[in-house]
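Peer 1: take a look and give me a structure for this.
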Amino acid sequence: MSEPSKTIDAAFESARHPAQPAPGQRGRLRVGPAEAVTAGSCTIVEDGRLSIGVYRIEGRFHAIRNTCPHQGAPLCKGRLMSTHAPGAVGEYKPDLEGRVQRCPWHGWEFDIPSGKGLYDNRSRVKTYRCVVDEEGILWVEL
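Peer 2: Alright, predicted model coming up:
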């Protein structure tokens, strides 16, 4: 197996087993009623200095920084999609259905739950923990 194939395989393996984001240390950002965040879409929230995309994937809430690490594009304004796992030439294996955010500028792909870039083994976008309070309001911990 070639070195690029090993690197991409490792990136997908990391995406398939995401770690829970660490608890926030700088407060919280209000998203709104949890039921307003629907599967298959992104809700962007901002606090003036920070922009975050919030998603509902398989019944759970996830949040990522709305900045592509490549050249600073508004990442969450790209397409929410699936991708293809690494495979042999001509082999297409759909994977990570509905949980991949594609950068609108250059097409870089990120797994939303893990923040993992799917093009190498080191890249990632910042993820944030989401919590729903007793009144049904969704918050992102910063």
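Peer 1: okay, buried residues for stretch 87-103 please.
Peer 2: D95, L96, R99, V100, Q101, R102, C103 (16 or more other CB atoms under 10 Å). To be clear about C-beta, it is placed using only N, CA and C from the backbone, and glycine gets the same treatment.
Peer 1: what is the nearest of the residues you listed to E58?
Peer 2: R99 (7.8 Å; CB to CB).
Peer 1: that closest one touches S114, doesn't it?
Peer 2: No - in this structure, R99 is not within contact of S114 by CB atoms under 8 Å, at 9.1 Å.
Peer 1: need the contact list for the spatially most central residue of the chain.
Peer 2: Geometric centre of the chain, nearest residue: I112, 1.8 Å, by CA atoms, centre = their mean. For I112, the contact set (CB atoms under 8 Å, 6 or more residues apart in numbering) comprises Y55, I57, H62, I64, R99, V100, Q101, T127.
Peer 1: for the second one, what are its contacts?
Peer 2: When you say that, I think you mean I57. I57 sits next to A39, G98, R99, I112, P113 when contact means CB under 8 Å, 6+ apart.
Peer 1: quick check, pLDDT for it.
Peer 2: pLDDT recorded at I57 is 97.
Peer 1: tell me how far it lies from S82.
Peer 2: Distance, I57 to S82, using CB to CB, to the nearest Å: 11 Å.
Peer 1: tell me the helices and strands packed up against the longest strand along the chain.
Peer 2: Determined from DSSP state E, the single longest strand within the chain is strand 93-102. Applying 3 or more CB pairs under 8 Å, 6 or more residues apart in numbering; DSSP states H and E, one finds that strand 93-102 contacts helix 3-16, strand 51-57, strand 80-85, strand 109-111.
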